[in-house]
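**Student:** My questions are about this predicted structure, shown below with the sequence.
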Amino acid sequence: MSAELEFRGLFRPRALASLVPGSWYLGFRCLACHETFAVLDDPAGGGEVEPVGTGIFDVDCPVCAAPNRYLAGDMLVFQSATAMAGQDVQPRKSR
């Protein structure tokens with residue numbers, strides 16, 4: 001069972017600089033280069049969180065530096081072991 005994590009308002013986070021293999025994160029797939037990047041640690045710690053709400057995220061991709069705007073509904077929940085550079089990512093899309 002997923003716990004909802006509600007976002008409201010405008011957020012301007014920075015992508016996380018490093019990830020711990022096996023840990024869960026919330027982030028986005030870049031609209032320009034399609035790489036997945038994290039902006040938050042998963043507060044539940046196990047990928048059982050569901051991002052919801054009307055929040056807007058202005059964030060630069062750490063790979064290609066493209067500035068993009070994402071909605072809370074665009075947020076992905078993923079485990080870092082599946083998000084290493086150069087590997088395909090199959091994130092769990094929140095409902």
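**Tutor:** Everything's here; your move. Numbers count the residues shown, from 1 in each chain.

**Student:** Going by C-alpha atoms from here, please, whenever you check contacts or count neighbours.
**Tutor:** Noted.

**Student:** so what's residue 35 up against?
**Tutor:** 29, 63 (Cα atoms under 8 Å, 6 or more residues apart in numbering).

**Student:** how close does it get to residue 9?
**Tutor:** Between residue 35 and residue 9 the distance is 25 Å, computed by Cα to Cα, to the nearest Å.

**Student:** likewise residue 71?
**Tutor:** 10 Å.

**Student:** intersection of neighbour lists for these two?
**Tutor:** Contacts common to residue 71 and residue 9, judged by Cα under 8 Å, 6+ apart, are 54-56.

**Student:** so which helix or strand takes in the residue most central in space within the chain?
**Tutor:** Nearest to the geometric centre of the chain sits residue 27, at 0.7 Å (Cα atoms, centre = their mean). Taking DSSP states H and E as the criterion, residue 27 maps to strand 24-29.

**Student:** For the helix or strand just after that strand, what is the distance to the chain centroid?
**Tutor:** Next helix or strand after strand 24-29 toward the C-terminus (DSSP H and E): strand 36-41. In terms of Cα atoms, centre = their mean, to the nearest Å, the centre of strand 36-41 is set 4 Å apart from its chain centre.
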